[in-house]
Structure formats: structure tokens, C-alpha cells
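S.K.: Any chance you can model this:
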Amino acid sequence: MNNVWHVNSRISKEREEALGSLIDDDTPSVHDALLAEFRRLGESGVDILRNMASAADGARSAAASQMLEELESASPSLAVINFIERGERDLETGVKLISAAALPREDASSISRVLDSMAARVESLIEPDSGNMERCKAINRVMFHEYCFRGISEIEDEPGSVVIASVIRRRRGSPLALSIVYVLVAKRLGVNLDIVDMPGRVLVLCGDNAGENAPFYVDAFERGAFRHVDQILEILRKNDIEPERIWFEPLDDLQVLYLCCRVLAAQFEERAHKTRAGLFNRFVSAYEKQLGGTQWHP
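M.R.: So this is what the prediction gives:
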């Protein structure tokens, strides 16, 4: 298999020391051969490089750090696993890395560019002292009317509905993906919104910074419909669902990225994409280790 995470390689201490003795050799042919070997070794190679990078030897440490970066940049899956294991929580960086690993043909670099453009358009529509509700109304206009983002039906639901690069290109996405786009646009405007995971629907949570309105929720799947707590409670009870307090608590970026990986793992499994399903199940496991000390369970 080509995926580095499916390589089951063992390496002797002698072999590891031999690789270490060459790590700071800047001869191009030696460098390229070493990089190929570390890539072939998969997880073992990554562990060796990490150990070298953290060692006291300045030259070897710097060379190992550089090679680790090269290995990561050449492998989207490795970039994701390193991002997770470092405990990184930046939502935008995370969805870019996940996009590259899930659907490599999609242009993950386009994500920030389109979000910047959307935010600039929203900013042109609002007054500097506008409250968060007015800012959200402007985001709704730009995102759902000018850029024409829409929710995707259950029939159409597939990995592209969660992969943000694909959602940006097609202007179609799941509630989770549309909520992520919404939050990232708002962040560019200085508005810190949160994502909440309700039964059957992911929503965006917003509190008005001027204190004029109680906290409210934005349903990005329904073109930015505003919903208040009593409305959500009514919907849940009509569906015979007894509300739980944890559903109303905001998720942090790590939890949101974990949800993305869980959904993608399930979708790839449903479509018998075994390699990608295995890869995203590995991401899920890595995130679960990071979340091990929390009480949150999706």
C-alpha cells in the first residue's frame, strides 16, 4: 500500500544509528535517499526523526526538524496526524489539512482565499459599531444569497459535503461544514462564534456583543435562520427528545475537527473506500486520545 500508515516496519537500533549519522549530510543524493527511507518506514521513520529533532545535537536536531517538515509536506496524511498529536486546535488550519488528506484533488489553498473575499464583502455592508446580530445578518446575505451556499440533501450526502475545500468550490455542504464556513467568515470580522452539536443538526451559537439580544443560534443549513433557545427546545420536544444541557455547550476547535474526521471515516466506510476509511479512523483514534480527559462525547 502507498499509505505510510499501513507500513509495518521494524528497524534495528544499529539501522537507526546509521540513519542518524547521515541526517546532517547535505549531499543532495544522500538527503533524497534518507527522505525516501523515512517515508518508507512510515510511523517508525517519523518517531526516529522526532527523537533526533529533540536531541541535544544542534546540527542533527536542525537537520531532522527540516526533514520532518519535508516529509509532512509531501504527505497530507502525515500532516494531519502530526497536527493532531501536537494538540493543535486552529480550525482553519485543521480543515485545510483534512481537505488535503480526504480529497487531494480539491484545492485546499482556495479555502482562505474565498473566506477572505466573503469577509471583505460582509465588512462592506456593516457599520463598524454593528452588533453581532447585524453582523450575522450580513453574513447571511453574503453567504446564502450572494455566494449561494446551500445545505446538501441526504441523497447527495458524501465526503465532499464535509470536506471544506469541496464545499467552498461547490457551495454545497452538510450542516457541520456550512457552520464551519460561517464561523471562519465571522472570525475575520472579529466575531467569535461557536459551534454546537444538537441532535440532528449542527448550529452556530452567537451572543450579541452589545447586550441587546439574548444568545441566539444560526442554522446554516437553513440559510442562516435565527433560532432562540425556546424554539430549539420546542423542536426537540416535538420530536420526543428530552433536552440535555451538554447539547447547548459550545465545542472547541479540536472537538469540531474530531467530528469532521468521524463523519468522513463513516462516509468512506459506507462507500467501501477502505484505505481512506482506515486513514480517517486513525485520525479519529488520535483525536480520541487528545479528548481522553474530557467529559464530551458526540
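S.K.: Wait, a helix at Phe144?
M.R.: Yes: per DSSP: H, G, I helix; E, B strand; the rest coil, Phe144 lies within a helix segment.
S.K.: from memory it sits against Arg223, does it?
M.R.: Yes: Phe144 lies in contact with Arg223 (C-beta atoms under 8 Å); the separation is 4.2 Å. Using the backbone N, CA and C atoms, a C-beta is placed for each residue, glycine as well.
S.K.: Those two: which has the busier surroundings?
M.R.: Neighbours were counted for Phe144 and for Arg223 using other C-beta atoms under 10 Å; Phe144 has more, 20 against 16.
S.K.: So Leu125 is in contact with Ile139, correct?
M.R.: No: judged on C-beta under 8 Å, Leu125 makes no contact with Ile139 at a distance of 9.3 Å.
S.K.: on that earlier part again, shared neighbours, Phe144 and Arg223?
M.R.: Arg150 (C-beta atoms under 8 Å, 6 or more residues apart in numbering).
S.K.: Secondary structure class of Tyr217, three-state.
M.R.: For Tyr217, the secondary structure call by three-state DSSP comes out as strand.
S.K.: what bridges to it?
M.R.: Beta-bridge partners for Tyr217, by DSSP bridges, are Leu205, Arg227.
S.K.: Quick one: residues contacting it.
M.R.: Tyr217 neighbours (C-beta under 8 Å, 6+ apart): 196, 203-206, 226-229, 232.
S.K.: still on that earlier bit, higher neighbour count, Leu125 and Ile139?
M.R.: Comparing Leu125 with Ile139 by neighbour count (other C-beta under 10 Å), the higher total belongs to Ile139, at 29 against 15.
S.K.: would you say Leu203 is within a strand?
M.R.: Yes: remark: Leu203 belongs to a strand, assigned using three-state DSSP.
S.K.: How about it, nearest residue that isn't a chain neighbour?
M.R.: Tyr217 (4.4 Å; C-beta to C-beta, 6 or more residues apart in numbering).
S.K.: Could you list the buried residues of stretch 215-234?
M.R.: Buried residues in stretch 215-234, counted by 16 or more other C-beta atoms under 10 Å: 216-221, 223-224, 226-227, 232.
S.K.: Closest one of the residues you listed to Ser44?
M.R.: Proximity of those to Ser44 (C-beta to C-beta) peaks at Ala220, which lies at 42.3 Å.
S.K.: gap between Ala220 and Phe280?
M.R.: As judged by C-beta to C-beta, to the nearest Å, Ala220 and Phe280 stand 23 Å apart.
S.K.: ditto for Gly94
M.R.: 13 Å.
S.K.: The two - which one has more neighbours?
M.R.: Neighbours per residue (other C-beta under 10 Å) separate Gly94 from Phe280, with Phe280 holding more: 27 against 23.
S.K.: which residues touch that one?
M.R.: Phe280 makes contact with 101-102, 261, 264-265, 268 under the criterion C-beta under 8 Å, 6+ apart.
S.K.: Can you give me every residue that contacts Ile139?
M.R.: Neighbours of Ile139 in contact, by C-beta under 8 Å, 6+ apart: 118, 122, 182, 185-186, 189, 224.
S.K.: list the helices and strands the host helix or strand of Ile168 packs on?
M.R.: Here Ile168, judged by DSSP states H and E, is contained in helix 164-170. Packing partners of helix 164-170 (3 or more C-beta pairs under 8 Å, 6 or more residues apart in numbering; DSSP states H and E): helix 91-102, helix 110-123, strand 172-173, helix 175-188.
S.K.: What distance do you get for Leu259 to Val162?
M.R.: Leu259 sits 9 Å away from Val162, going by C-beta to C-beta.
S.K.: For those two, indicate the residue with more neighbours.
M.R.: Val162 (28 against 20).
S.K.: And the more buried one, what's its pLDDT?
M.R.: Reading off the confidence values, Val162 has pLDDT 95.
S.K.: Let's have the contacts of Phe280 in a markdown table, adding distance to Asp25, neighbour count and pLDDT.
M.R.: Formatted as a markdown table, those follow (distance: C-beta to C-beta, whole Å; neighbours: other C-beta atoms under 10 Å; pLDDT from 0 to 100):
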| residue | distance to Asp25 | neighbour count | pLDDT |
| --- | --- | --- | --- |
| Ala101 | 31 | 23 | 91 |
| Ala102 | 36 | 31 | 93 |
| Cys261 | 38 | 26 | 97 |
| Leu264 | 40 | 26 | 96 |
| Ala265 | 40 | 22 | 95 |
| Phe268 | 40 | 21 | 93 |
